[in-house]
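Need a 3D model of the following:
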Amino acid sequence: MEFPQVPKRTFGLLLLVFLAFSLVGYAVGAASPNTALEAVEKLIGQIGPISDSSFENFVKIFANNSMVALFMFLSGLFFGLGPWFIMAFNGLMVGLVVLAVHRMGGMPIAQIVLGLVPHGVVEIPAIAMAGVAGIVWYRELVKGEGEPAERFKRGVIKGLKLFLLSVALLFVAALIEAYITPKVAGL
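Okay, here's the model as predicted:
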């Protein structure tokens, strides 16, 4: 299976949006600690508690991240804008959670970084790739050559190939997050 060209600029900018909004989230949390605490509580309510079983955590993490990736992919059809908003929101949430865990949980920043980096270096680009997949689909639909049905089909095929790559990367990230991150971060 041949993969379509990945628009590197779009991919890089999506990652930059995530990083920038992570810093914004951290700053918002510093200015309003209650906002950070509410974000953590909402996240825990959404994902559920961490299990003692690494396999259960793996399944939960992979399923959750795959749903986010699917939403990223499909949101690309909303004028190519959906992935940008989702990356910004996810970055904001990460920044809030980092601050909340540091301040309210008393965890050192170094330990938080060790809890995020091992899987994050795979997971965040994978989520961005799902967004790129949706944007590729949208761009082909709007700017491609041929009849609308042809452009739609070509866009779906190109986008799905990138989306499947994203899901494969999320599988690896979930394995790392469930089995390796807890040991590395001492969690």
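
tell me which helix or strand of the chain sits lowest on mean pLDDT?
helix 33-47 (a mean of 79; mean pLDDT, DSSP states H and E).

Ala110 versus the spatially most central residue of the chain, what's the distance?
Closest residue to the average C-alpha location of the chain: Ile127 at 3.9 Å, with CA atoms, centre = their mean. In this view, Ile127 and Ala110 are 24 Å apart by CB to CB, to the nearest Å. Any C-beta I mention is one placed from the backbone N, CA and C, and that applies to glycine too.

For this protein, which segments count as helices?
All helices of the chain, identified by DSSP state H, fall at 8-31, 33-47, 54-75, 82-103, 109-143, 148-175, 181-185.

Compare the ones you listed and give me the one nearest Glu2.
For Glu2, the closest of the helices of the chain is helix 148-175, at 7.9 Å, according to CB to CB.

Run the chain-centre distance for the closest one.
Mean-position distance between helix 148-175 and its chain equals 15 Å (CA atoms, centre = their mean, to the nearest Å).

could you give me the average pLDDT of it?
The average pLDDT for helix 148-175 rounds to 96.

Which positions within that helix qualify as buried?
151, 154-156, 158-159, 161-163, 165-167, 169-171, 173-175 (16 or more other CB atoms under 10 Å).

Flag the shaky bits of this protein, pLDDT-wise.
1, 3, 187 (pLDDT under 70).

May I have the residues that are in contact with Phe163?
69-70, 73, 129-130, 133-134 (CB atoms under 8 Å, 6 or more residues apart in numbering).

Pull out the buried residues from those.
If we count by 16+ other CB under 10 Å, those have these buried: 69, 73, 129-130, 133-134.

ok, Glu2 - contacts?
Here Glu2 is in contact with Lys161 (criterion: CB under 8 Å, 6+ apart).
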